[in-house]
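>>> pasting the sequence and the predicted model now:
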Amino acid sequence: MKKHLLNRRALGFLLVLGVTVSLANTASAQFRRNPVVSPEIHADNKITFRVYAPNANEITLSGDWMGQGKTEPLVKGDTGLWAVTVGPLEAELYGYNFTVDGAYALDASNALVKRDGVRNISFFMIKGKGSDLYEPKHGPKGMVSKVWYESPTLGLTRRMYVYTPPGYENNSKETYPVFYLLHGGGGDEDAWTELGLTPTIMDNLINSGQAKPMIVVMTNGNPDQTAASIEAPAKLPIQEGQGGFGMANKKFEQSLVKDVIPYVESHYRAKKGKENRALSGLSMGGWQTLNTTFDNPAMFDYICVMSMGFVKDSPMLPNNGDDRDNDIEALKKASPKVYWIACGKDDFLYDSVVNLRNTLDKHNFKYKYLESTGGHTWTNWRIYLSQFAPVLFK
């Protein structure tokens with residue numbers, strides 16, 4: 001009897017031990033490090049990308065550092081591991097993705113992912129002088145608030161991001177100028193914080209004395225959206241003539257002037273007057289910047305148009321230069337303190353910027369032109385922000 005009892009106890013112990021070992025092995029497998037390293041940043045700033053896909057037939061790489069539409073093929077090894085090495089690349093933050101047998105794919109070995117509208121992208125950063133502003137540093141930090149506000153102009157409750165500079169919360173008497181920053185087509189109010197790294201850039205510029213403390217407002221430029229699709233997926237029907245991103249009907253521009261600016265100036269310690277307002281935007285946001293400042297010439301003293309100009313023969317962008325003579329003269333008379341135009345030499349909208357500059361030149365309208373390498377990418381737009389913010393409100 002005792003021997004039988006001992007056997008049962010021993011069997012029970014072995015069962016418990018087996019379950020424990022099984023669970024331990026499962027946990028070990030679950031948390032085991034992915035053996036595929038990608039991207040691997042080498043000492044000479046060359047980058048190796050890898051994908052383990054033994055059954056794939058073709059894999060290509062697309063990245064911010066490439067020209068528009070260009071790709072780089074990965075080579076398949078004997079083990080089913082595909083790889084390619086590119087570069088060396090300059091110090092910067094870069095987004096990229098793979099295409100596996102025609103399907104868009106993230107880098108499964110890279111936990112760093114950012115959202116660009118409805119598209120996610122893998123990314124990495126090469127440290128150095130070119131990316132110095134993109135890394136948080138010691139010192140006070142500003143605050144980003146996600147603010148819901150009413151837009152009677154659009155008939156919507158909408159969301160915007162508002163950056164308040166370091167020290168804003170500690171000094172209830174200090175007032176600040178305001179920088180309104182607009183995203184591009186396909187983006188939303190999250191774009192300039194997620195991809196543009198605006199809060200970190202502004203913290204570093206302000207703390208180093210390169211830029212004056214200011215409020216930065218980043219709202220949603222899509223007039224049919226309440227907020228980013230991940231926050232409020234419901235979308236109003238596209239109105240006739242609105243175009244793919246609502247760039248033609250000027251509804252957003254009207255809402256910016258009638259709803260956003262009054263809200264900010266009544267809910268924040270914001271200075272008023274054109275000398276205390278700046279406006280800039282990229283691509284679609286650049287078009288909205290052109291419209292807003294032409295239609296309201298006495299509202300902003302600091303203006304920057306990024307990667308956008310007068311697009312010829314575009315049904316989405318009517319009145320894009322052919323009948324802007326009076327508007328340009330009105331803005332010229334208002335005499336903004338700073339007017340910048342910035343574009344990459346490989347940008348697909350480069351010709352539109354040439355058209356814009358030619359039209360302004362015809363009116364002897366003074367502006368500063370910044371031309372960079374590369375195309376229609378966040379690499380350029382972060383650079384433009386980093387260079388434009390330091391000239392504001394001085």
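Alright, I've got the coordinates.
>>> alpha carbons only for contacts and neighbour counts from here, please
Noted.
>>> quickly note the distance from the residue positioned nearest the centre of the chain to Tyr134.
In the chain, the C-alpha nearest the mean C-alpha coordinate belongs to Leu195, at 3.1 Å (Cα atoms, centre = their mean). The spacing between Leu195 and Tyr134, counted by Cα to Cα, to the nearest Å, is 11 Å.
>>> which SSE is Asn364 in?
Assigned by DSSP states H and E, Asn364 falls within no helix or strand.
>>> ends of stretch 128-144, how far apart?
First-to-last distance for stretch 128-144 - Cα to Cα - comes to 26 Å.
>>> look up the pLDDT of the residue lying closest to Ile59 once chain neighbours are set aside for me, please.
Excluding its sequence neighbours, the residue lying closest to Ile59 (Cα to Cα, 6 or more residues apart in numbering) is Val100, at 4.6 Å. The per-residue pLDDT reported for Val100 equals 97.
>>> just to check, Met57 is in contact with Ala103?
One correction, residue 57 is Asn, not Met. No. Using Cα atoms under 8 Å, Asn57 is not in contact with Ala103; the gap is 11.6 Å.
>>> what's the burial count for Gly142?
As a burial measure, Gly142 scores 21 neighbours (other Cα atoms under 10 Å).
>>> quick one, what contacts it?
If a contact means Cα atoms under 8 Å, 6 or more residues apart in numbering, then Gly142 has 163-168, 199, 203 as its contacts.
>>> ok, it to Ser62 distance?
34 Å.
>>> next one: Val147
In this view, Val147 and Ser62 are 35 Å apart by Cα to Cα.
>>> out of the two, which sits in the busier spot?
Set Val147 next to Ser62 and count neighbours by other Cα under 10 Å: Ser62 wins out with 19 against 11.
>>> who does that one bridge with?
For Ser62, the beta-bridge partners are Asn97 (DSSP bridges).
>>> just to revisit the earlier point, and the residue nearest to Ile59, how many neighbours?
Residues near Val100, counting by other Cα under 10 Å, number 17.
>>> now His363
Residues near His363, counting by other Cα under 10 Å: 13.
>>> that one against Glu329, yeah?
Yes. Contact criterion Cα under 8 Å: His363 and Glu329 qualify, at 7.2 Å.
>>> for stretch 280-294, give me every contacting residue.
179-185, 221, 247, 250, 252-254, 257, 279, 299-300, 303-309, 327-328, 330-331, 381.
>>> one more time with 6 Å, if that's ok
181-185, 253, 303-308, 327 (Cα atoms under 6 Å, 6 or more residues apart in numbering).
>>> cool, stretch 218-231 as well?
Stretch 218-231 is contacted from outside by 158-161, 181, 188-189, 235-236, 252, using Cα under 6 Å, 6+ apart.
>>> so how do I select the buried members of the residues you listed in ChimeraX?
The following ChimeraX line selects those of those that are buried, judged by 16 or more other Cα atoms under 10 Å:
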select :158,159,160,161,181,188,189,252
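>>> pick out the most distant pair among the contacts of stretch 218-231.
Distance extremes for those: the farthest pair is Leu181 and Leu236 at 23.6 Å, using Cα to Cα.
>>> gap between Phe98 and Lys76?
To Lys76, Phe98 is 14 Å away according to Cα to Cα.
>>> what about the two, which has more around it?
Ranked by neighbour count (other Cα under 10 Å), Phe98 and Lys76 place Phe98 first, with 26 against 20.
>>> contacts only, for that one.
By Cα under 6 Å, 6+ apart, the contact list for Phe98 reads 60-61, 105.
>>> one more: Glu40?
Contacts for Glu40 were tallied using Cα under 6 Å, 6+ apart; they are 47-48.
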